[in-house]
Structure formats: structure tokens, C-alpha cells
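# What follows is a predicted structure for the sequence shown.
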Amino acid sequence: MEGSLEKIEKQLKNELISDDENLKEDVSSVRSYKLKLVFFVKKGLDSFLGDIIKGLSQEYEVQKIITTEYKQIDEGMKWADICWFEWCDELISYGSRLEIAKEKKIICRLHRYEALTENPINVEWRNVEKLIIVIPHLKNFLLSLIPDIEDKVDIVTIVNGVNLDKYKMVERRAGFNIAYVGWIHSRKNPVLLLQIINELVKMDKRYKLYIAGEFQDLLIKLYWYDQINKLGIEKNIIFEGWQEDVSTWLEDKNYILSTSIHESFGYGIAEAMSKGLKPIIHNFLFAEEIWDEKFMFNSISEAVEMICDKNYNSSEYRLFIENKYSLDEQLGKIKDLLINLPEKRHKENLYLNYVIDMFNRFIPYSSKDLDDFNFDEYHISIGKREIIIDNVYLIEFIVRNKFNKQLIITNIIYDMNTNKVIFPAYILKSKNFNKISELLNLLKVIKTDLSSNIEGYIFDSEILEEIEKNKLAYIWERGIPASQFMPALGWLRIVERYNFATNFIKNSDMVLEAASGFGYGAAYIHDKCKKVYALDLMEENIEFGQCSYNFNNINWIKGDVTKLPFEDNKFDVYISFETLEHLSLNLVEKYFKEAVRVLKENGIMIISTPNKEGRKNINNPFHIKEYNFCEFNELLKKYFSNIYYYSAINYKIESGVRDNAVNMVSVCSNSTIKVDTNALPNNGDKVI
């Protein structure tokens with residue numbers, strides 16, 4: 001947005017230059033609004049943010065939130081335009097999965113250690129605009145964890161920067177005072193550090209190691225002091241703890257020594273070089289990406305040789321940092337990144353044409369169904385208007401007549417700028433097209449004060465009363481199609497699952513769907529099989545399905561999935577989406593035993609359930625038990641001999657088991673499962 005503000009300012013100057021007073025007033029008003037930028041970071045991990053926040057505070061309204069509770073993330077994201085998560089940890093895992101993450105511009109900065117953990121797997125990267133890494137090779141680590149991460153988020157490298165104003169360079173020469181700055185733990189390789197100092201002291205007892213830092217590992221601390229005593233170098237190692245003013249502490253030092261086995265940078269090294277100290281750096285993994293080889297050693301003898309070498313050039317060390325790691329350059333790149341953040345888009349490769357096509361496939365009606373609908377005393381009972389891209393709305397609604405029959409009208413696309421409307425084909429071809437068009441016009445012109453991207457309209461007093469009584473249920477569970485309770489992306493997830501299931505259904509099949517919910521799944525597959533039995537425990541769901549989908553080959557049945565009212569060996573396919581998690585543990589066995597009983601010998605069950613690992617901190621009050629893959633697998637193995645797994649990720653069904661899956665999908669049988677490899681997303685993972 002800042003880029004556009006600058007353009008506005010330039011345009012004002014060009015067009016209003018003749019009226020100086022008006023120009024000043026207009027430009028002032030353009031500048032008066034600052035975007036809100038929030039930084040989320042855990043306590044004690046904000047040391048790299050101070051200079052960045054200071055450098056951005058002129059252009060942004062900035063908050064730094066030391067995060068101790070998840071609710072701080074909810075509140076901060078609601079306040080901000082741009083959300084910066086410092087470190088790729090559980091904070092970004094939580095924040096990226098919030099509903100509001102789809103609306104906010106999100107940045108994550110990954111420093112080092114996170115890429116060597118499973119933290120990145122737990123992030124919903126499709127809701128993140130930019131992933132900043134501080135050194136290029138970290139991308140290799142990320143790709144080994146998440147091979148398709150670059151399809152989900154834009155990864156950019158912005159190296160760290162040193163505030164050179166804090167570190168005045170002083171010309172120095174070879175000497176005997178060696179500095180070490182930082183924590184002492186196994187990754188810092190303290191064994192090598194002590195061995196180097198020991199060799200130097202053997203040559204000249206004037207060499208001393210000064211430490212500004214603390215131990216992070218008790219065993220390392222015990223080893224450290226034991227070795228110092230055994231080597232007899234107690235007088236040559238001066239432990240001075242953390243320093244508030246590192247610049248002053250470095251004044252009388254000659255060398256900065258680093259023996260780490262891996263770093264993403266090394267602020268202590270860079271700050272010391274800025275002061276003019278000679279760097280002695282272990283050639284750790286990927287060190288060549290950060291430091292010049294002439295500053296690095298591979299062995300104890302090389303380190304000793306570098307320290308004893310009289311060649312010393314403070315200006316060169318300072319210039320290296322100025323050219324590669326200045327704060328000004330880092331801030332410049334961060335500002336460019338912030339200015340050029342794209343307007344928020346759902347980055348699930350959900351091209352509009354693809355979404356429209358998938359939604360149209362899921363429409364169960366034909367033009368004849370619309371022709372045959374009785375429009376006597378008809379009205380809209382409920383509907384919605386949802387922004388899917390800039391100024392383009394998805395308009396959907398339910399039409400009800402005096403006989404309490406209804407049509408679920410979905411997937412009408414309205415471009416507000418051009419006033420163009422795209423209707424599904426069955427509406428365009430129907431003799432009742434004009435009636436649907438008239439109803440659409442009612443929703444097009446309604447004015448609301450809602451700031452959300454989805455606006456709901458309820459015109460039926462009975463529905464409104466029911467929703468008011470059970471609001472929580474409608475928010476979490478009762479996603480009425482064509483209403484505000486069923487956003488487009490939620491609908492797309494449903495469409496993808498049922499579309500996947502049809503790969504296993506033949507025209508001659510008897511299909512059971514339980515629980516069938518509002519019945520849209522049964523309606524979708526009714527023309528792809530011989531007969532569908534739609535079973536649900538809730539009478540109102542069965543009534544909704546019967547009133548909405550009047551197809552001869554659907555039987556609507558009120559019933560219990562743990563007490564199925566069918567004879568043995570009746571069904572070829574049993575679809576059971578999002579049912580298992582609602583069952584108490586004492587009913588799970590009955591649920592699966594009933595499934596096996598009613599399936600034919602070669603019948604298959606297609607089941608999906610939320611993946612617990614992908615829903616941490618999401619507590620649906622209507623879910624009794626959620627499962628991870630291991631639990632799900634152990635359960636299914638008790639009842640089925642052939643099991644194939646798929647994962648619902650980013651609005652697609654993908655082959656195999658993925659920890660970041662939103663839902664786990666399984667195709668199960670006690671016979672051979674015929675998998676059409678051309679139609680399916682590869683073969684699923686078969687688990688024995």
C-alpha cells in the first residue's frame with residue numbers, strides 16, 4: 001500500500017503544483033494513515049528486532065507483542081494490517097491457521113534452528129505471504145521437510161544486518177586478547193574452543209580468552225571447568241557473562257573466535273569485525289555462504305596459525321561487514337518487501353475458473369428440475385453474498401415455495417464493476433430463468449454495514465429463530481449450503497471430497513451415505529450410481545434433504561450409524577465423511593462393525609475425519625474425539641485388511657499421509673480395491 005501512497009503523492013504534486021496550499025493539505029492527508037504492523041515474538045527471543053522496529057516505526061504504526069498466550073495473537077492480528085512472526089515456532093503455527101489469517105498479510109522470519117525441527121510442517125503456509133530466511137542454504141533444509149513449500153509461500157533471503165553506528169571501528173594490531181560472544185552449548189563446539197586456547201597458551205601464556213555469554217547446558221558447564229583445570233589454563237580464561245554494552249567490552253580485544261558447527265549468521269562475529277577485530281571462524285556447514293574463506297579455519301593448527309599471523313587489517317574487517325551486512329541494506333530490503341506485499345489472495349492455486357468448474361460439477365439439478373419446480377408463492381428463505389476476488393461476488397440462496405419444497409441455488413458469479421452475471425448452465429437453459437434472475441437482483445442491491453467478505457441474509461423467521469437458539473452449532477457444524485454458514489472455501493473442501501469418492505462408484509452400485517447431513521453429497525452422487533441411501537440421526541437434516549433434492553433414487557432415512565437399519569451385504573460403497581469424530585469411544589466399535597456388516601464382500605468404505613495434528617489449538621466443542629494418523633490407522637486395521645490413505649491439503653485430495661493434512665481420507669475394504677490410477681491423485685499410501 002505504501003507504493004500506491006507514493007504514487008498518489010507524486011500524482012498530486014504533478015497535477016496540483018499550481019495550488020501549493022491545496023497540495024500541502026492533500027499530501028498531508030495521504031500521509032496521515034499508517035499501516036499497522038505487529039511483531040509476534042516469545043519472551044527473550046526479540047533481540048534481533050530492536051533495530052528493525054526502530055527503522056520501520058516512521059512509516060508504520062508498530063506493535064511488538066511478547067507473546068505468552070495465544071489470545072494475544074488473535075487480538076494482535078485483528079488490530080494489524082501486516083503480521084510479522086519472528087521465528088518459525090508455535091506462534092506462526094497457531095496464527096497461520098486462524099480464519100483471520102486468510103485476510104491478513106503475514107510474514108514469518110526463520111532464523112536457523114527451526115529449519116532443523118518439524119516446526120515448519122505445522123504452519124499453514126498458504127496463508128503466509130512471505131517466508132524470510134536469513135541465509136540461502138536454509139531453503140534446502142525446508143525443501144527436505146516440505147518438498148512443495150515453494151508452491152505455497154514465497155521464500156526470500158534477507159541477510160541480517162549490523163547497526164554500524166553502534167560499533168565504531170578502531171585500528172588494531174595483533175595481540176593476545178581473544179573474544180568469544182554468545183551462549184555456550186554443544187552446537188558452539190566448546191571442546192574445539194578450549195583446545196585452540198590450550199595450544200596458544202603452550203606457545204605464549206599471555207593469550208587469554210574472554211567470554212561474554214552464559215552456559216546453556218549443565219553437562220557442558222561441568223566439562224568446561226573440568227577441562228580448564230586438567231589443562232591448567234584457569235588463568236587464561238576469563239568468564240565475564242552477558243554484556244549490556246558489547247561494543248565497549250570489545251575495545252581491548254584483538255580477535256573474535258567462533259568454533260560453532262553451524263550458524264545462520266553470527267552477530268557476535270559481525271559486531272566484532274565492525275569494531276575492527278580479526279575474525280577466526282570455524283569452517284562450519286555452509287559457512288562459505290556467509291564468510292570469506294580467508295577468515296576461516298579447518299583445524300586447530302590453522303586457527304593457531306591465523307591468530308599468530310602478524311597480518312592484521314582492521315579496515316578490511318570493517319569494510320566486509322559494511323558491504324555485506326549493514327543494517328541499512330537489511331532495512332531497505334525489508335521495506336521493499338513490505339511495500340510490495342501483494343493484496344491478500346488465497347494462494348491455493350484456486351483459479352476462479354477452476355473453482356467455478358468444481359462448484360458447477362457439484363450442482364445436482366438439471367434445467368428440467370428447475371422447470372418442474374413449482375414457483376407458487378416462492379421466496380428466498382436464506383442466502384449469502386461472498387467476495388471471492390476483488391469486486392467479484394459469489395451469490396447463493398435457497399428458494400422455498402408454499403409446499404415447503406426448495407431449490408438450493410448456488411454458484412452465481414456477479415462482477416460488481418461490470419455488472420456482469422455468470423449463471424450455471426442449468427439456470428440459463430431453464431424456462432424459469434427470469435424468476436431466478438429476479439431473486440438475484442434482490443440480493444445484488446441489498447446494502448449492509450458488514451465489513452466481512454461474506455454477508456448473510458435470513459428472511460425466514462423459523463430459520464432465524466433456530467439459528468439464534470443454536471448459534472454455536474451453526475458456526476461450527478451446521479453449514480447450510482448457500483448460506484453464510486458455508487463459505488466458498490469450506491464448500492470447495494466438501495466438493496473435492498465427494499468428487500474424489502466418485503472415482504470408486506459405478507453406475508450399478510448401491511451406495512450408503514451416513515451421516516448424510518443436509519444431503520448435498522447424496523444428491524451429487526445420485527446420478528452416478530443405482531441408488532443412494534442417505535441416513536442421518538437428525539430429523540431436520542432428513543427433512544432438508546427431502547425438500548431440496550427430490551430424486552427418485554435417493555432414500556432418506558432417519559437412523560443411527562451404530563445401528564444401521566439394513567440387511568447384511570447390501571452396499572457396494574459406504575461414504576462416511578466427518579462422522580467418526582462425533583462418536584464416543586464406546587460407540588466407535590459398533591460404528592465400524594456395522595459398516596463391515598452392511599458392505600458386500602468386495603464393498604468399500606470411504607471415510608474422512610479431521611487430522612488432529614493439523615488442528616492444534618482448534619477446539620471444536622462438538623467433536624468428541626479427534627485422531628492423528630497413527631490412531632486412525634490402528635483403528636481401521638481392526639476392521640479392514642486393505643486400506644489406502646489420502647490427505648485433504650489446500651483444498652485438494654493428495655496421495656498418501658501428510659502431517660499437515662486438514663483431513664485424513666481412507667478407502668478401506670476386506671477385498672481388493674481397484675484403484676484407477678488415471679483418475680486418482682496417484683495411488684494412496686497402502687498400510688499393512
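Structure's in. What do you need?
# so where is the stretch 551-688 of the chain shaky, pLDDT-wise?
Scanning the stretch 551-688 of the chain for pLDDT under 70 picks out the ranges 614-618, 650, 675-688.
# The stretch 501-650 of the chain: helices as residue ranges?
For the stretch 501-650 of the chain, the helices defined by DSSP state H, counting those that start in this stretch cover 520-525, 539-548, 585-598, 629-637.
# Quick check: buried residues in the second one?
Meaning helix 539-548. With burial defined by 16 or more other CB atoms under 10 Å, the residues of helix 539-548 counted as buried are 541, 542, 544, 545, 547, 548. Quick note: C-beta positions are derived from backbone N, CA and C, even for glycine.
# which intervals of this structure have sub-threshold pLDDT?
Using pLDDT under 70 as the threshold, the predicted model of the chain has low-confidence ranges 1-33, 343-351, 447-452, 477, 614-618, 650, 675-688.
# domain ranges for it?
When the chain is parsed into structural domains using automatic domain parsing, the resulting residue ranges are 34-157, 164-325, 352-476, 488-686.
# Would you work out how far apart the start and end of the first one are?
From its first residue to its last, domain 34-157 covers 26 Å (CA to CA, to the nearest Å).
# Next one: residue 201 relative to residue 416, how far apart?
Distance check for residue 201 against residue 416: by CB to CB, to the nearest Å, it reads 78 Å.
# Neighbour count: the two, which is higher?
Taking other CB atoms under 10 Å, residue 201 and residue 416 do not tie; residue 201 has more neighbours (19 against 13).
# for the more buried one, helix, strand, or coil?
helix (DSSP: H, G, I helix; E, B strand; the rest coil).
# who's in contact with it?
For residue 201, the set of contacting residues under the criterion of CB atoms under 8 Å, 6 or more residues apart in numbering consists of 207, 233, 236.
# before we move on, what about residue 43?
Residue 43 makes contact with 66, 68, according to CB under 8 Å, 6+ apart.
# go on, residue 505?
Residue 505 sits next to 511, 525, 528, 529, 572, 573 when contact means CB under 8 Å, 6+ apart.
# ok, the residues you listed vs residue 340, which is closest?
Proximity of the contacts of residue 505 to residue 340 (CB to CB) peaks at residue 525, which lies at 45.5 Å.
# returning to that earlier point: by neighbour count, which of the contacts of residue 201 wins?
Busiest of those [other CB under 10 Å] is residue 207, holding 24 neighbours.
# In the stretch 301-450 of the chain, what residue spans correspond to strands?
Counting by DSSP state E, counting those that start in this stretch, the stretch 301-450 of the chain has strands at residues 379-389, 392-400, 406-415, 420-422.
# so can I have CSV of those showing distance to residue 297 and mean neighbour count?
What follows is the strands of the stretch 301-450 of the chain, written out as CSV (distance: least, CB to CB, whole Å; neighbours: other CB atoms under 10 Å):
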stretch, distance to residue 297, mean neighbour count
strand 379-389, 56, 20
strand 392-400, 61, 22
strand 406-415, 65, 21
strand 420-422, 67, 13
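# picking up where we left off before, please list the members of the contacts of residue 201 that lie in strands.
Using DSSP state E, the subset of these located in strands is empty.
# And those residues, which is closest to residue 172?
Of all the contacts of residue 201, residue 207 has the smallest distance to residue 172: 15.7 Å, by CB to CB.
# was I right about that closest one contacting residue 200?
Yes: using CB atoms under 8 Å, residue 207 and residue 200 qualify as a contacting pair, with a distance of 4.1 Å.
# what's the distance between residue 524 and residue 514?
Taken as CB to CB, the spacing of residue 524 relative to residue 514 amounts to 15 Å.
# more neighbours, these two?
Applying other CB under 10 Å to residue 524 and residue 514 shows that residue 514 carries more neighbours, namely 27 against 22.
# so the more buried one touches residue 559, yeah?
Yes: with the criterion set as CB under 8 Å, residue 514 and residue 559 qualify as a contacting pair; they are 7.3 Å apart.
# joint contacts of those two?
535, 536.
# Could you find the closest non-adjacent residue to the most centrally placed residue in the chain?
Here the mean C-alpha position of the chain is nearest to the C-alpha of residue 124 (CA atoms, centre = their mean), at a distance of 1.4 Å. In space, residue 124 comes closest to residue 96 once its chain neighbours are excluded; the distance is 4.1 Å by CB to CB, 6 or more residues apart in numbering.
# Which residues are in contact with the one you found?
Applying CB under 8 Å, 6+ apart as the definition, the contact partners of residue 96 turn out to be 106, 108, 123, 124, 125, 127, 128.
# For it, give its distance to residue 560.
Taking CB to CB as the criterion, residue 96 is separated from residue 560 by 38 Å.
# give me the beta-bridge partners of residue 179?
Using DSSP bridges, the bridge partners assigned to residue 179 are residue 210, residue 256.
# Neighbours of residue 186, how many?
Other residues within reach of residue 186 by the criterion other CB under 10 Å amount to 13.
# sorry, back to before: which among the domains of the chain is found nearest to residue 336?
Of all the domains of the chain, the one in closest proximity to residue 336, counting by CB to CB, is domain 34-157 (9.9 Å).
# ok, residue 110 to residue 270 distance?
Spatial separation of residue 110 from residue 270 under the definition CB to CB is 19 Å.
# and what of residue 134?
Using CB to CB, residue 134 is found at 12 Å from residue 270.
# returning to that earlier point: next, format the domains of the chain as CSV and append distance to residue 340.
Conversion of the domains of the chain to CSV gives the following (distance: least, CB to CB, whole Å):
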stretch, distance to residue 340
domain 34-157, 10
domain 164-325, 23
domain 352-476, 18
domain 488-686, 24
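# for those, which one sits closest to residue 342?
Nearest to residue 342, of all the domains of the chain, is domain 34-157, at 6.6 Å by CB to CB.
# How far away from the center of its chain is the closest one?
Centroid separation between domain 34-157 and its chain, computed with CA atoms, centre = their mean, to the nearest Å, is 10 Å.
# now the end-to-end length of stretch 424-438.
Start to finish, the residues bounding stretch 424-438 are 15 Å apart (CA to CA).
# Would you mind listing the buried residues in it?
So stretch 424-438, judged by 16+ other CB under 10 Å, has buried residues 424, 426, 427, 430, 432, 433, 435, 436.
# Not including adjacent chain positions, what is the nearest residue to the fourth one?
Right, residue 430. Of all residues not flanking residue 430 in the chain, residue 370 sits nearest, at 3.9 Å (CB to CB, 6+ apart).
# I'd guessed the one you found sits against residue 425; true?
No: taking contact to mean CB under 8 Å, the distance of 10.9 Å between residue 370 and residue 425 leaves them out of contact.
# So for residue 410, what's the nearest residue that isn't a sequence neighbour?
Residue nearest to residue 410 in three dimensions, not counting chain neighbours: residue 396, with 4.7 Å by CB to CB, 6+ apart.
# Could you pull up the residues touching the one you found?
By CB under 8 Å, 6+ apart, the neighbours of residue 396 are 383, 384, 386, 408, 409, 410, 411, 412, 481, 482, 483.
# Which two among those are spaced furthest apart?
In the contacts of residue 396, the most distant members under the criterion CB to CB are 386 and 408, with 15.1 Å between them.
# any idea how far the residue nearest to residue 410 lies from residue 554?
Counting by CB to CB, the gap from residue 396 to residue 554 is 22 Å.
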